[in-house]
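**Student:** model this:
(2 chains)
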Amino acid sequence: MSKHNRQRCVVIGLDGVPFSFLNSLMANGELPNLRKIFSNGSLRQLNSVIPTVSSVAWTSFMTGKNPGKHGIYGFVDRELNTYNTFIPTTRNIRGETLWEVLSRHGKRVVVMNVPISYPPRPVNGILVGCFLTPTLEKGVYPPSIVPTLQRLGYRIDVDAWIARKSLDEFLKELKTVLERRAEVTLHFLRNGDWDFLMMHFMETDRLHHFLWEQMQAADERYQSRCLDIYRFIDGVIGDLWAELDGDTSLVMLSDHGFCTIRQEINLNAWLRQNGWLKFRNDPPASLEEIHPDSVAYSVIPGKIYLNLEGREPQGSVRPAEYERLRDQLARQIAGLRDSESGEFAVDRVLTREEAYCGPAFAQAPDLIVLPRDGYDLKADLKKERLFERGIFTGMHTFSDAFLFFSSRTLPDRTIEMVEVMPTILQEMGIPAPDDLDAAPLAV
Amino acid sequence: MERGATLWFTGLPCSGKTTLAHLVEAALRQRGRKVEILDGDVVRTHLSKGLGFSREDRETNLRRIGFVAKLLTRNGVIAIVAAVSPYRDVRDAVRADITDFVEVYVKCSVDVCMTRDVKGMYKLALEGKIKEFTGVSDPYEEPLTPEIVAETHREAPEASATRIIRRLEALDLIQPVSSSGYSLEEEAEVTRRLEALGYLS
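**Tutor:** Here you go, the predicted structure:
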């Protein structure tokens, strides 16, 4: 008989860890704990979401819905009927999260660091906000937990600006933040009263943004310390696994994969160069300086909005012209080529109707540009260069995330992000809300 | 206690006052503000039951609404009044009595209002079955210096509501926040983090 006599679930999020990379590390003899754990369950490839950024992906994970329903379309979004951009928070998430559903059914939850979780919505248990939390004091529910986190030295996130000064210092800082996060995870695992516990490790994503290319090239300056990050995580998960009883499911997943950046592409520069976008001032201070003759503008990553009359304040695209211009723009963007290699840089351009559906549809971009691997889409207003290489060496990919369930055999196919929440609810014997995008994965 | 205000939406019947009032109410509630809508039609069934549409009765109705709005305003509530309120001198008298008074002229041509005719009142007025109907048989006196003009035949209601909110921020009647609810200082810190990761241009 289990210690707790109840069905429990632990979820570990490993941000930006590719399915392919995990497999190659294990094939090379690394990650012995994960190798052993994976052999006791079901590991599959997982698709991310569109656009492929963590705020959107994890919100789809925690709601079981596409952005057309949950309302989060990126780390930055455009405020409807304005040219203002804003950073979405939980105030902008429509509907219940997984932990709110569990709480409503009397389950006790401990949830830490999952984007987007600031400001923390009340739960039956503990919620520690993600890296979009301005200060720890404002980002924890209930606030009485803050002293415990402070005592354990918990850090919201690594300061990524350090990477611009020194990758060595960055790696050192990253390891410190990771260690503290791991300590907090094990603390609540061992000492908390919970039915559902989730910790999200962001450190892998941070590592990959700055050091992915170096890792792939086994750059001897950094390789050992980069692998140390993975070895440490492997050790923590091994410790965690040892604590779990037979009635506790372990789920692990990432939200997207990673690949080496070939070029950063500035879509607003492309729009300007091709006559779709003009500004009243040069350089423009913000999107609000858009010229009324503009047809379209972009918000990172890959989101294109038509300057629509009646919707945008200076909108000039007449509704009768919307579809024609949108189609024309989509075809032209699809032909965008890498200036060095001549290769196509765009995989697909989707319309909002193809990508999204739901009550938050009005917020959706008119077009969504999906780049080919290696082409990272930006939307700088001031820069005129179309192609650039910056400090980042890794970018997100759509199709190479991973999902693991210890307690059920997953279908032999790539899984979709929206399928995970209903499956976890089923594991815990909780009925799913009736507005989710998918059914539980068949056992 | 937060600073209250009276937002007085005036305009022809079917110009969009009630629609805008509810959108602004929702936006203010999301910011944690206490809000109360005093809709002209609703008030007439309770506070001003028995009053007609003569000049004298309209004036009495509006002064009563103004009185309630004043009480709410001085207790930190944002009172949103949505009433035709066709007479300039009455509106100005209410304004003089309330410190934080914001006049929102919900401007729309009578022709467009007639095409909307939500309750069929314009039709009845044009047929002579309703007397003293503003826009048909009774005058509407446009505001001369409203704080905000919302031209509802040119602009989507959501866009108008957003402008109204921004104007309230500019008048220091509500605190500016980003759509996500960060203070400006908090948003700057979080922006810094996102820029460091290349998630913002």
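
**Student:** Mind giving me the packing neighbours of the longest helix seen in chain B?
**Tutor:** Longest helix in chain B by number of residues, with DSSP state H as the criterion: helix B:55-74. Counting contacts by 3 or more CB pairs under 8 Å, 6 or more residues apart in numbering or on different chains; DSSP states H and E, helix B:55-74 packs against strand B:5-10, strand B:35-39, helix B:40-45, strand B:78-82, helix B:88-97. (Each C-beta comes from the backbone N, C-alpha and C, glycine too.)

**Student:** So which of those is nearest A:I72?
**Tutor:** Across the helices and strands packed on helix B:55-74, A:I72 has its closest neighbour in strand B:35-39 (26.4 Å, CB to CB).

**Student:** where does B:H153 land on pLDDT?
**Tutor:** Per-residue confidence (pLDDT) for B:H153: 88.

**Student:** Is it in a helix, a strand, or coil?
**Tutor:** Classification of B:H153 by DSSP: H, G, I helix; E, B strand; the rest coil places it in coil.

**Student:** Quickly note the distance from it to B:G16.
**Tutor:** The gap separating B:H153 from B:G16 is 9 Å, by CB to CB, to the nearest Å.

**Student:** Could you pull out the residues contacting both of those two?
**Tutor:** B:C108 (CB atoms under 8 Å, 6 or more residues apart in numbering or on different chains).

**Student:** More neighbours: which of the two?
**Tutor:** Applying other CB atoms under 10 Å in any protein chain shown to B:H153 and B:G16 shows that B:G16 carries more neighbours, namely 26 against 14.

**Student:** how about that one, what does it touch?
**Tutor:** Going by CB under 8 Å, 6+ apart, B:G16 touches B:V106, B:C108, B:A150, B:T152, B:P157, B:S160.

**Student:** Which of the residues you listed fall in helices?
**Tutor:** B:P157, B:S160.

**Student:** one step back: identify whichever of the helices and strands packed on helix B:55-74 lies nearest to A:A355.
**Tutor:** Using CB to CB, the nearest of the helices and strands packed on helix B:55-74 to A:A355 is strand B:35-39, at 35.4 Å.

**Student:** what about A:L178, how many residues close to it?
**Tutor:** A:L178, neighbours per other CB under 10 Å, totals 23.

**Student:** Rounded mean pLDDT for whichever strand or helix holds it, please.
**Tutor:** Per DSSP states H and E, A:L178 falls inside helix A:167-191. Mean pLDDT, computed over helix A:167-191, is 97.

**Student:** Report all helices and strands that it contacts.
**Tutor:** Looks like helix A:167-191 contacts strand A:109-112, helix A:162-165, strand A:196-201, helix A:203-216, helix A:223-243 (3+ CB pairs under 8 Å, 6+ apart).

**Student:** can you list contacts of it?
**Tutor:** A:10, A:110, A:112-113, A:126, A:128, A:148-149, A:152-155, A:157-160, A:162-163, A:194, A:197, A:199, A:201, A:203, A:206-207, A:210-211, A:222, A:225-226, A:228-229, A:232-233, A:236, A:239-240, A:243.

**Student:** Please apply the same query to stretch B:174-189.
**Tutor:** With contact meaning CB under 8 Å, 6+ apart, stretch B:174-189 is reached by A:77, A:79, A:84, A:86-89, A:91-92, A:119, A:134, B:28, B:31, B:33, B:78, B:165, B:168-169, B:190.

**Student:** Thanks a lot, see you next time.
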